[in-house]
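Undergrad: how would this look folded up:
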Amino acid sequence: MVLRRQTKAVGQVSRHTHHAKSRHLSRAAALTPSVLSALILQSSWASNQQPHVRARAKLIISQLTIRDQLAFPSVPCHDWASEFQSLTFRRPMLHLILGSNKSFGLKLVDALWAAELGDLSRLRRYLHDPESAEEILRICRDVQRAEADASRRLRIMQPGNE
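TA: All right, here's what the predicted structure looks like:
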């Protein structure tokens with residue numbers, strides 16, 4: 001958020017690439033744990049059964065933890081080009097169910113790193129069209145350079161970094 005404000009301050013236009021539908025879905029997902037927690041808390045106060053109160057308290061704690069993770073994601077938000085955001089990657093069903101997005105992201109970064117060094121085989125595993133690996137690598141390289149350049153310009157323009 002701070003990065004976008006600073007970017008606007010130096011005269012660059014930040015792109016709002018999120019569609020309205022995805023923003024609404026994100027808000028609903030972020031509010032769901034709060035609403036569920038409130039409903040569970042209300043029903044636990046209305047109930048006089050002690051064992052259920054303890055179970056509901058554990059559920060409330062887990063819901064609040066989920067809410068915290070949704071509200072404050074640990075992954076930074078990138079303002080990348082629409083060309084990059086339109087890319088889709090293939091992910092094995094078992095990994096989709098049992099693996100985390102962070103783990104998949106690390107595997108994808110590893111595949112991109114290997115592709116940058118000439119080994120496209122890992123990147124091809126994650127693509128619907130393995131023949132497009134070089135084009136995908138070019139897109140990723142371009143958006144990463146653009147982000148690094150923007151970050152470098154921001155650091156230069158900040159007071160004390162001249």
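Undergrad: which helix or strand contains Arg91?
TA: For Arg91, there is no helix or strand it lies in under DSSP states H and E.
Undergrad: now do Leu127
TA: For Leu127, there is no host helix or strand (DSSP H and E).
Undergrad: now do the contacts for it.
TA: Shown in contact with Leu127 (CB atoms under 8 Å, 6 or more residues apart in numbering): 89-90, 133, 136. Just so you know, the C-beta spots here come from the backbone N, C-alpha and C atoms, and that holds for glycine as well.
Undergrad: what is the one helix or strand Glu147 maps to packed up against?
TA: Using DSSP H and E, Glu147 falls within helix 133-157. Here helix 133-157 touches helix 2-9, helix 82-85, helix 101-116, helix 121-125, going by 3 or more CB pairs under 8 Å, 6 or more residues apart in numbering; DSSP states H and E.
Undergrad: quick check: buried residues in the helix or strand just after the shortest one?
TA: Meaning helix 82-85. Sequence-wise, the next helix or strand downstream of helix 82-85 (DSSP H and E) is helix 93-98. The neighbour-count check on helix 93-98 (16 or more other CB atoms under 10 Å) flags nothing as buried.
Undergrad: and helix 93-98, average pLDDT?
TA: If you average the pLDDT over helix 93-98, you get 85.
Undergrad: tell me which residues are up against that helix.
TA: 103-104.
Undergrad: please save the CA atoms from stretch 90-109 in PDB.
TA: Extracted in PDB, the C-alpha atoms of stretch 90-109 (Å, rounded to 0.1, in the frame of the first residue of the first chain):
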ATOM      1  CA  ARG A  90      -0.600 -26.100 -14.100                       C
ATOM      2  CA  ARG A  91      -0.600 -27.500 -10.600                       C
ATOM      3  CA  PRO A  92      -1.000 -31.200  -9.700                       C
ATOM      4  CA  MET A  93      -4.300 -32.000  -8.000                       C
ATOM      5  CA  LEU A  94      -2.700 -33.600  -5.000                       C
ATOM      6  CA  HIS A  95      -0.500 -30.600  -4.500                       C
ATOM      7  CA  LEU A  96      -3.500 -28.300  -4.900                       C
ATOM      8  CA  ILE A  97      -5.300 -30.100  -2.100                       C
ATOM      9  CA  LEU A  98      -2.400 -30.900   0.300                       C
ATOM     10  CA  GLY A  99       0.200 -28.300  -0.600                       C
ATOM     11  CA  SER A 100       0.300 -24.600   0.300                       C
ATOM     12  CA  ASN A 101       0.400 -21.700  -2.200                       C
ATOM     13  CA  LYS A 102       3.700 -20.700  -0.600                       C
ATOM     14  CA  SER A 103       5.200 -24.100  -1.400                       C
ATOM     15  CA  PHE A 104       3.900 -23.900  -5.000                       C
ATOM     16  CA  GLY A 105       5.300 -20.400  -5.300                       C
ATOM     17  CA  LEU A 106       8.700 -21.600  -4.200                       C
ATOM     18  CA  LYS A 107       8.600 -24.500  -6.700                       C
ATOM     19  CA  LEU A 108       7.700 -22.100  -9.500                       C
ATOM     20  CA  VAL A 109      10.500 -19.600  -8.500                       C
END
